[in-house]
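In: okay, here's the prediction I keep looking at, along with the sequence it came from:
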Amino acid sequence: MPRDKTQSHERIIEAAKKEFMQYGFTDASLRRIAAEAGIQVGGLYKHFGSKEEMFASLVEPTIEGLMECFHGIEDDYFGEIGKVAAESIWDNKMETVRFMEYIYDHFDEFKLIVCRSQGTKYENFTHDIAKLEEEVTIRYMNALKKSGIAVNDINEKEFHLLVTASVEAILQAVIHDFTKDEAIHYAHTLEKFYLPAWKSLFGL
């Protein structure tokens, strides 16, 4: 029985992913998911309490991994304070490329989050990631100031718009179904485009 339950769960996951990818969360049908998985609709509730819980099971591990990636890059930035010259701050991190590699290692999940999550708590994913990026960057700039490095003051409303635009720019690769090679090339292009602008904005 436990083995059958595991197999049923795996069939549900596969059917749910297929359904959400094709129809998005709002238009996804539990009836179609159950039929694809070979069970009754009521059987779905032995595994998931709701359709959104089912969607979350597909994307939440990937988001948790993204946060680990994000905080790893954050540690790299804060770890260099006091160890490198001011003019080298922010160089050679390749964070956009690192994010893009992670995204393309989990492309289907990001397709669900970015393009198919309307009606779930993930529909504001871009805003949430941009907000996190804002908070970390401001904290990092304050830490640079405390270390004696001159940093320009910025307009926080403008900074919010700029960060949101940069996050949206990365995710456009998913929206436009770039191949991984295209996406990585694009990530390098974004690095060349944004890095000098960020350094100029903060006076680094």
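Out: Happy to help now that I have it.
In: what packs against the one helix or strand Asp75 maps to?
Out: According to DSSP states H and E, Asp75 maps onto helix 51-80. Helices and strands touching helix 51-80, by 3 or more C-beta pairs under 8 Å, 6 or more residues apart in numbering; DSSP states H and E, are helix 2-27, helix 95-105, helix 107-115, helix 125-146. Heads up, the C-betas are built off the backbone N, CA and C, glycines and all.
In: again, only using 10 Å
Out: For helix 51-80, the packing partners by 3 or more C-beta pairs under 10 Å, 6 or more residues apart in numbering; DSSP states H and E come out as helix 2-27, helix 30-37, helix 95-105, helix 107-115, helix 125-146.
In: to Ser57, which of the ones you listed lies closest?
Out: Closest to Ser57 of the helices and strands packed on helix 51-80 is helix 2-27 (C-beta to C-beta; 6.9 Å).
In: give me the buried positions along that closest one.
Out: For helix 2-27, the neighbour count (16 or more other C-beta atoms under 10 Å) marks Ser8, Arg11, Ile12, Ile13, Ala15, Ala16, Lys17, Glu19, Phe20, Gly24, Phe25 as buried.
In: helix 95-105 and whatever helix or strand Pro196 lives in, what's the angle between them?
Out: Pro196 belongs to helix 180-202 when assigned by DSSP H and E. With axes from the mean of the first three to the mean of the last three C-alpha atoms, to 10 degrees defining the directions, helix 180-202 sits at 150 degrees from helix 95-105.
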